[in-house]
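# What follows is a protein structure lacking sequence information:
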């Protein structure tokens with residue numbers, strides 16, 4: 001019989017899915033241990049198969065990269081788990097000569113695009129004048145109002 005101060009019924013804080021209880025039947029406990037052992041062995045095999053990045057003395061004080069197997073990596077879960085820190089850029093230090101060269105290259109690279117755009121617009125205008133001949137009369141009226 002239960003003592004008067006304690007209840008024999010599980011309270012609302014009881015977690016029925018908790019696997020750390022020793023009340024599990026022997027079969028379930030063995031299955032749980034077998035799955036944990038398989039997971040440890042699989043992790044050890046993946047660590048052994050992962051390429052080694054070390055080229056000098058091992059320095060474990062630095063953060064090491066995490067290597068995922070293709071089946072284990074889920075980009076949505078990684079994005080949801082990562083917390084983004086707010087960032088503000090205060091200054092960009094680019095030498096003037098390098099900045100000037102960049103913009104000169106951009107201007108030179110835009111010349112073929114402008115030539116192509118002009119050609120396309122001229123072709124479309126010519127096609128419109130062929131399809132709608134009254135546009136020529138309207139063009140003359142706008143250009144020469146007398």
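Now that the structure is in, tell me what you want to look at. All figures in this text were calculated on a predicted structure; none of them were measured in a lab.
# Please count neighbours and contacts with C-alpha atoms only from this point.
Fine.
# Worst mean pLDDT across the helices and strands of the chain, which element?
In the chain, no helix or strand scores lower on mean pLDDT, DSSP states H and E than helix 75-81, which sits at a mean of 57.
# what's the following helix or strand after that helix?
helix 96-131 (DSSP states H and E).
# Does residue 41 lie in a helix or a strand, and which?
Using DSSP H and E, residue 41 falls in helix 26-49.
# Mind giving me the packing neighbours of that helix?
Helices and strands touching helix 26-49, as assessed by 3 or more Cα pairs under 8 Å, 6 or more residues apart in numbering; DSSP states H and E, are absent.
# Tell me the buried residues in it?
For helix 26-49, the neighbour count (16 or more other Cα atoms under 10 Å) marks residue 29 as buried.
# average pLDDT across that helix?
For helix 26-49, mean pLDDT rounds to 87.
# just stretch 89-96 next, same as before
88.
# contact partners of it?
Around stretch 89-96, nothing counts as a contact under Cα atoms under 8 Å, 6 or more residues apart in numbering.
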